[in-house]
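# Fold the following.
(chains A and B)
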Amino acid sequence: MKRASIRASLLIIVVALVAGVVAYAGLLPSYWVFLATSVLITGVALQSLGLVAGRTGMIALCQMSFAGVGAWTVGYLNIAEAPGGLAAWVLAGGLAAVPFGVAIGLPALRLRGINLAIVTLSFATAFDTILATITYPGQTDFLQVPRPELFDTDEGYFVFVLLFYAGIAIALEFLSRSRLGAAWLAVRHSERAAAAHGVRIATAKLSAFAISAFVAGISGGLLAGYLGTLVSDNFGMMQSLSLYAVAVMTGAHFAEGAIIGGLLVVMFPEILRRLDWPQDIGNVLFAVGATQALSTGETMSETFRRQLRKLLPAHAPKAAKAVARELPPAVRHAAGPALAIEGLTVRYGSVVALNDVSLTVAAGTVAGLIGPNGAGKSTFIDAVAGFLPAYEGRIRLAGKALEGMAAHRRAREGARRTWQTNRIAPELTVGGYLVLAAKGLSASETRALLDWLDCPHPDTPVVSVDAGTRRLLDVAGVVAARPAVVLLDEPAAGQSHEETLRLGQRIAEIPKLFGSAVLLVEHDMDLVRAVCSEVTVLDFGQVIASGPPARVLEQGAVKKAYLGIEEESAAA
Amino acid sequence: MNALLTSAVAGLTAGGTYALLGVCAVFTYRLVAVVNFAGAAIGTAGTFVLIALYEAGFPIWPSVLAGIAAGTAVGVAVGYIMTRWFSEAGASTKAAVTVALLVGLIAVGLRLTGGQHPHNMPELFPGSAFRLAGVEVTIASVLTIGLAALFTVLSDLFLNRTKVGLNLRALADRPMAAELLGIRVQLLSLLVWGMTGAFTTFALMIIAPQRSPNFMTLSLLVVPALAAALVGLFRSFWRTLAGGIALGVVEGLASSVDSISQYRSAIPFLVVLAVLLWSQREARWDEAR
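Residues are numbered from 1 along each chain as shown, chains lettered A, B, ... in the order given. Sure, this is the predicted structure:
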């Protein structure tokens, strides 16, 4: 993971160096350099939008208001003759935008998508009027924001902006491959699945908003130095709206998407101006482009990347070949019951989904939970993992009561689950998914673990992994975290007979290799018989049998629950 | 006291318009599952057809009809885009599309109408309807509120009491399933879009003389409209109606207090924030299972 970030960062540095030298050596007409600076500033704003719109999938329509806060701060510090010069003021402007981002993001903790769009749009309207009323500092007495002496010329200021752009791009590159970056993508895809990995949804969303506002504030500050004086129109609502359209169109969460977007925003009006055509046609193009991107579900950057991959010779990542002894070491958990459930009752309105269920999973063992469809198995897992609003009874994990804990806390405490339907964010890579699932795994441990479960190479994008293998990847994720107990929800569904046999061997090894107890929910009786030392049978929310599989599976009641008929009437 | 009442009553026209726009937004959401950010822009397009015809010297009432027809047509056009390419898309994607369309509509609108250039918008219903405690209540405000209430009653009856209404609600949840049941999804959706387009246009024609009638200002009336719809949680027409009127009255009150009058367009933001924080206090997970 790290290495990929470093490689990408080196690329950014090289491109920035070339651009800086070309501009500074005066190889380009001054006017072009002036325009290119504007492209970069718009690119910074787009990067900030890409963070919330692209990565976390929220509709944010007040990005230029954040930029306005940054610019206003720079103007204010200039009037106040604050020390530090423009570079420090720009950073201060970014920081000043953070509280606004958090304030907007706070309602977004529980809100998503459309509601957030309404909040941000109404904030942009409010900010519009407020800025028009209080005016930009220095606007009335024509006080210019001075550029730093070293970067005073147009060429110099280009380099100044370029430094910021490259710095932000590199920081975002590292961030996107970190656990936080993976969490953003996961939250976008499914909040439950993210919480099941111990991600606190509130933190993930708020951090995205705060960082995004910071970057937007910087873009505003850079604009202040670029234009010298600003008016509130620079940060109007229409600017925010069209920036959003551009971000959707080009894919602003990709480095090239932000630059393409900046080029479009700056160059399109410029070309129209030279042709003597009205410049505002640009927004029509962005609207059409965004609609097109939304209908195909693919941004310009993604199209370019796909085309590029077609051109380049295919080099499939090598299958992970690693040695078993490089597997992550087992974590020692307390002896005794890993998971103890007493009198668990769950009601959905008047329907009783689970009725007084008690069950114990001893440390170091694999226990099974079986029952016909609708018996309440998944509800049971939901209750243990903290995904139900309420239940009665007691759930203790390694002796610790879980009542009152949110899902992400339970996951961190060591109750980890997989899902019946696949919920891995397709934008992640296989390795990125393991970064999300488990902290502090080394590269060789990651490879060994993936190999152990027949999963593809860490660099493989999840989107190209087939559904059956994604289920294995889900198992790899929870195992990698080596919690007190892993709850596997039908991991063998969709696997062939041979694959199921192999998966069975692996599941049986989990307690010994990783120290985690396993509760296996399964329909495949051969698998249950092969790996479980204890089995509990649920029917209509009640425990109808429990004990060693050989004995339990022979009981009449169990057979009836599965076949739906009495043995006698079946014979008749 | 009387001054306060005057300014509160002065906000009624705006309140009625917000209410009508808000009810249209709820109607669209419940029937075709789209939170429409371009709603007011659609009505604005129709309103500017009226302005253009009026400025060209056409008589006023035929121009009004032509404007409403144009608003309906723009509504149907937007509806066509939504049903043709996005009928199976998620709610978020659909909302994002209407945001993109809003950008496009405003750009085209500003271009065709000469940007911020002031226009001569005829006042359709000048004069006062009656006096309330010594304060003139304008015909315009009675009309917008009456229209909004009428639309509320009709939508409520239509959705809850008629077979077509039930069909349409089914359609909003599962267009594909509704199609399989033999409901003519596309036609009914376009009908919804056209109808809301017509009502929105008429509402904007009434309020336009009070605002600086440029294309962008009018299009952005979608903000108070969505705030009103949020008060009704995008479900209840009656609460949306009340929310819209209240929003207008509060704005009217705020404009009479000098120290805050300049900031009155921040009011929808505060309303939105308060409603959302209150209404979502128990929600925990997104819909993705």
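# Can you name the residue of chain B nearest chain A?
Proximity of chain B to chain A (C-beta to the nearest C-beta) peaks at residue B:104, 2.8 Å away. (Each C-beta comes from the backbone N, C-alpha and C, glycine too.)
# Quick check, pLDDT for that residue.
Looking at residue B:104, its pLDDT stands at 93.
# Which parts of the helix or strand where it lies count as buried, going by neighbours?
Under the criterion of DSSP states H and E, residue B:104 resides in helix B:91-112. The neighbour-count check on helix B:91-112 (16 or more other C-beta atoms under 10 Å in any protein chain shown) flags B:92-111 as buried.
# I'd like to know which elements it is packed against.
helix A:113-134, helix A:237-250, helix A:281-296, helix B:39-55, helix B:60-86, helix B:215-219 (3 or more C-beta pairs under 8 Å, 6 or more residues apart in numbering or on different chains; DSSP states H and E).
# List the contacts of the closest residue to residue A:288 other than its chain neighbours.
Distances taken as C-beta to C-beta, 6 or more residues apart in numbering or on different chains put residue B:104 closest to residue A:288, at 6.6 Å, once the chain neighbours are dropped. Shown in contact with residue B:104 (C-beta atoms under 8 Å, 6 or more residues apart in numbering or on different chains): A:283-284, A:286-288, A:291.
# With residue A:147 as the reference, measure out to the residue of chain B closest to chain A.
36 Å (C-beta to C-beta, to the nearest Å).
# do the same with residue B:59
For residue B:59 relative to residue A:147 (C-beta to C-beta), the value is 59 Å.
# Where do the domain boundaries of chain A fall?
Per the TED database, the domain ranges recorded for chain A read A:1-311, A:337-563.
# show me the contacts for residue 241.
You didn't say which chain, so I picked chain A. Contacts of residue A:241 (C-beta under 8 Å, 6+ apart): A:61, A:124, B:99, B:102-103, B:106.
# that answer is for a different chain, and I need it for chain B
Going by C-beta under 8 Å, 6+ apart, residue B:241 touches B:19, B:22-23, B:148-149, B:152, B:228, B:232.
# quick one on the thing from earlier: can you tell which of the domains of chain A is closest to residue B:252?
domain A:1-311 (16.2 Å; C-beta to C-beta).
# and the nearest residue to residue B:256 once chain neighbours are set aside, how many neighbours does it have?
Among residues not flanking residue B:256 along the chain, residue B:7 sits closest, at 3.5 Å (C-beta to C-beta, 6+ apart). For residue B:7, the count of nearby residues is 19 (other C-beta atoms under 10 Å in any protein chain shown).
# Look at residue B:7 and report its pLDDT.
pLDDT for residue B:7: 82.
# Run through the residues that contact the residue in the stretch 201-350 of chain A that chain B sits nearest to.
Chain B sits closest to residue A:287 of the stretch 201-350 of chain A, with a gap of 2.8 Å, by C-beta to the nearest C-beta. By C-beta under 8 Å, 6+ apart, the residues touching residue A:287 are A:245, B:100-105, B:107.
# Leaving out chain neighbours, which residue sits closest to it?
Here the nearest residue to residue A:287 in space, its sequence neighbours aside, is residue B:104; by C-beta to C-beta, 6+ apart that works out to 2.8 Å.
# ditto for residue A:425
residue A:189 (3.8 Å).
# if I pick the residue nearest to residue B:85 when sequence neighbours are not counted, what's in contact with it?
Nearest non-adjacent residue to residue B:85, counting by C-beta to C-beta, 6+ apart: residue A:295, 4.4 Å away. Residue A:295 makes contact with B:85-86, B:97, according to C-beta under 8 Å, 6+ apart.
# What of residue A:469?
Residues counted as contacts of residue A:469 (C-beta under 8 Å, 6+ apart) are A:454-456.
# on that earlier part again, mind checking pLDDT for the residue nearest to residue B:85?
88.
# For the host helix or strand of residue B:137, enumerate the helices and strands it packs against.
Taking DSSP H and E as the criterion, residue B:137 maps to strand B:135-138. On a contact count with 3+ C-beta pairs under 8 Å, 6+ apart, strand B:135-138 meets helix B:2-10, helix B:12-32, strand B:128-132.
# Let me know which of the ones you listed is tucked in deepest.
Of all those, helix B:12-32 carries the top mean neighbour count, a mean of 28, counting by mean count of other C-beta atoms under 10 Å in any protein chain shown.
# Okay, residue A:456 and chain B: tell me how far apart.
Counting by C-beta to the nearest C-beta, to the nearest Å, the gap from residue A:456 to chain B is 24 Å.
# That residue contacts residue A:430, doesn't it?
Yes: taking contacts as C-beta atoms under 8 Å, residue A:456 lies within contact range of residue A:430: 5.6 Å.
# and after the least confident helix or strand in chain B by mean pLDDT, which helix or strand comes next?
When each helix and strand of chain B is scored by mean pLDDT, DSSP states H and E, helix B:175-180 comes last, with a mean of 69. Counting by DSSP H and E, the next helix or strand C-terminal to helix B:175-180 is helix B:185-207.
# Ramachandran angles for residue A:547?
Note on residue A:547: backbone dihedrals following degrees, to the nearest 10 are phi 150, psi -170.
# Kindly apply the preceding question to residue A:520 instead.
According to degrees, to the nearest 10, residue A:520 has phi -110, psi 120.
# Distance-wise, check it relative to residue A:424.
For residue A:520, the distance to residue A:424 - C-beta to C-beta - is 20 Å.
# hang on, the earlier thing: and residue B:59 and residue A:147? which has more neighbours close in?
More crowded of residue B:59 and residue A:147, by other C-beta under 10 Å: residue A:147, with 18 against 9.
# Got the confidence number for that one?
Reported pLDDT for residue A:147: 85.
# Next one: it relative to residue A:27, how far apart?
From residue A:147 across to residue A:27, the span is 21 Å (C-beta to C-beta).
# What of residue B:205?
57 Å.
# Ok, residue A:34 next?
In this view, residue A:34 and residue A:27 are 14 Å apart by C-beta to C-beta.
# Ok, residue A:263 next?
19 Å.
# And residue B:243, by the same measure?
From residue B:243 to residue A:27 the distance is 60 Å (C-beta to C-beta).
# same deal with residue B:87?
Separation of residue B:87 from residue A:27 (C-beta to C-beta): 52 Å.
# In terms of packing, which of these two has more residues around it?
Using other C-beta under 10 Å, the more surrounded residue of residue B:87 and residue A:27 is residue B:87, with 18 against 11.
# Quick check, that one in contact with residue B:185.
Yes: Residue B:87 lies in contact with residue B:185 (C-beta under 8 Å); the separation is 7.3 Å.
# Pull the contacting residues for residue B:125.
B:138-140, B:143, B:206.
# Shouldn't it be within a helix?
No: applying DSSP: H, G, I helix; E, B strand; the rest coil, one finds residue B:125 to be coil, outside a helix.
# Quick check: chain neighbours aside, which residue is closest to it?
Closest residue to residue B:125 apart from its sequence neighbours, by C-beta to C-beta, 6+ apart: residue B:139 at 4.4 Å.
# Repeat that for residue A:59.
Spatial nearest neighbour of residue A:59, excluding adjacent residues (C-beta to C-beta, 6+ apart): residue A:117 at 3.7 Å.
# For burial, what's the neighbour tally of that neighbour?
Neighbours around residue A:117, by other C-beta under 10 Å: 25.
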